[in-house]
Structures are given as C-alpha cells and as structure tokens.
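Student: Any chance you can model this:
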Amino acid sequence: MRGKVEQAVIYDPSRNDLFTATKGRGAYLNERRIRVSKRTRLQECLISTGFPFRKGDNFNAYLQMMGDVMQRTAGLRRPGAAALDLAYVAAGYADGFFETGLQPWDVAAGSLLVTEAGGLVGNFTGEADFLEQKECLAGTPRVYGQLVSILGKYSKFASAGDKAAVREAAAPASAADGASELRDEEGPDTAESGSLAKDDDAPF
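Tutor: Below you'll find the predicted structure:
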C-alpha cells in the first residue's frame with residue numbers, strides 16, 4: 001500500500017541480529033517477540049541520535065538540541081544508523097531516538113518495528129506523518145511525549161517564534177559556550193546514570 005509500511009526487515013551483521021515486523025503481528029528479534037522498554041522517567045532513559053555531517057548542516061543548532069536532551073536524560077548514544085537506532089528502541093535497548101536529515105529508507109522499516117513493539121513514532125511535533133519530513137522522533141509512549149515537549153521547537157514545522165529563538169541561541173557567538181557545556185554534561189554523573197538503562201544484551 002503506497003505510503004504505508006507493512007513489512008520490516010533490519011539485519012545487523014556485526015551482531016548477527018535480525019529484526020522483523022509485520023503490521024498487526026508484532027516485532028521480533030531473531031524470532032523472539034520484542035517490546036519497548038517500560039521506563040517512563042526521562043532522566044533514567046538512554047536516547048539514540050545521529051550527528052550532522054553534511055556541508056550546510058547547522059551544527060550549532062544540533063549541539064543545542066543535543067544539550068537540551070542530554071541534560072534531561074541518562075545519556076545519549078550514537079550507534080551509527082537510524083534503522084538500527086529504531087530497532088534498538090523496539091527491542092528496549094534504547095528508550096528513545098531523534099534525528100534530522102533523514103530519508104524514508106532510513107526510517108521506514110524501523111518505524112514499523114517501534115510501533116509493533118508498543119512504541120510511538122512521529123516528527124518532532126508529534127505528528128505521525130513523518131516519513132518524508134526528514135525528521136524522526138521515536139520512543140516508549142511516555143518518553144515520546146516528553147521528547148516532543150523538548151524537541152518540538154527544533155521542528156521544521158515549529159512556530160516562527162520558536163524558530164527565531166533557536167536561531168538566536170545557536171548563533172556562532174555562543175557556540176564555544178555550548179560545546180563547553182556539552183563536555184561538562186558528559187562527566188561521571190551522566191555515565192553513571194546511563195547504566196540505569198543498560199540491558200545485558202544491549203549493543204552499547
């Protein structure tokens with residue numbers, strides 16, 4: 001069906017893990033049924049994301065976005081591929097995911113895995129029509145809502161006022177301060193609290 005994801009397959013050759021899902025029939029990892037994590041408090045959660053790398057990407061704005069999320073969570077992780085990031089949310093290894101600059105093939109399969117595992121997927125403002133909007137947010141039901149409240153102002157669909165505030169905060173003059181704050185937030189407290197969300201089979 002055009003515009004609808006009915007089947008999903010994601011393979012991780014480094015771990016020999018096969019994630020599969022069929023709409024209405026659940027999500028599976030190596031033929032074992034998987035569900036999103038049961039964590040509800042954002043400060044206890046691990047969140048996956050990606051880093052901007054294309055020429056023209058607004059690196060300062062992304063640092064600001066990461067800082068907003070990092071200071072409210074147990075930690076951020078960068079596994080390396082949006083498809084696997086979403087699969088890890090479905091399996092409960094991570095509690096949420098956000099990224100911009102994405103294409104439909106980056107998120108289509110993973111989005112079905114998440115929803116079939118009991119999670120939610122949308123854009124940064126919480127709208128479900130996200131496949132071709134180049135921004136994706138996913139998480140457990142409770143975590144998803146908390147991430148929307150943080151990341152909504154960074155959406156391409158945010159209000160003019162929110163966009164202006166983000167641009168002002170991400171101005172080059174504040175870039176050094178933002179980078180310093182991010183380094184501070186990656187200290188012992190963040191690493192220790194990240195272990196709260198650790199699963200024995202987790203890939204990170």
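Student: you'd agree Tyr11 is up against Asn30?
Tutor: No - at 10.5 Å, Tyr11 does not count as touching Asn30 under the criterion of Cβ atoms under 8 Å. For glycine as for every other residue, the C-beta is placed from the backbone atoms N, C-alpha and C.
Student: Report the set of residues contacting both of the two.
Tutor: Common contacts of Tyr11 and Asn30 (Cβ atoms under 8 Å, 6 or more residues apart in numbering): Asp17, Leu18.
Student: Of those two, which one has the most company?
Tutor: Tyr11 (14 against 11; other Cβ atoms under 10 Å).
Student: In a strand, that one, correct?
Tutor: Yes - judged by DSSP: H, G, I helix; E, B strand; the rest coil, Tyr11 forms part of a strand.
Student: Strands along the protein, start to end?
Tutor: 7-12, 17-22, 27-29, 32-33, 46-49, 75-77, 96-100, 120-122, 135-139 (DSSP state E).
Student: Can you lay out these as TSV showing distance to Ser111 and mean pLDDT?
Tutor: Converted to TSV, the strands of the chain look like this (distance: least, Cβ to Cβ, whole Å; pLDDT from 0 to 100):
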stretch	distance to Ser111	mean pLDDT
strand 7-12	8	97
strand 17-22	10	98
strand 27-29	11	98
strand 32-33	18	98
strand 46-49	14	95
strand 75-77	19	91
strand 96-100	10	94
strand 120-122	4	96
strand 135-139	7	95
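Student: Could you dump those into JSON lines with distance to Leu86 added?
Tutor: Below are those laid out as JSON lines (distance: least, Cβ to Cβ, whole Å):
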{"stretch": "strand 7-12", "distance to Leu86": "8"}
{"stretch": "strand 17-22", "distance to Leu86": "9"}
{"stretch": "strand 27-29", "distance to Leu86": "10"}
{"stretch": "strand 32-33", "distance to Leu86": "17"}
{"stretch": "strand 46-49", "distance to Leu86": "8"}
{"stretch": "strand 75-77", "distance to Leu86": "13"}
{"stretch": "strand 96-100", "distance to Leu86": "6"}
{"stretch": "strand 120-122", "distance to Leu86": "8"}
{"stretch": "strand 135-139", "distance to Leu86": "6"}
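Student: Quick one: closest of these to Val107.
Tutor: Of all the strands of the chain, it is strand 135-139 that lies closest to Val107, at 4.8 Å by Cβ to Cβ.
Student: helices and strands around that closest one, which ones?
Tutor: Under the contact criterion of 3 or more Cβ pairs under 8 Å, 6 or more residues apart in numbering; DSSP states H and E, strand 135-139 touches helix 82-91, strand 96-100, helix 104-116, strand 120-122, helix 141-151.
Student: Among these, which comes closest to Glu135?
Tutor: Going by Cβ to Cβ, the one of these nearest Glu135 is strand 96-100, 4.7 Å.
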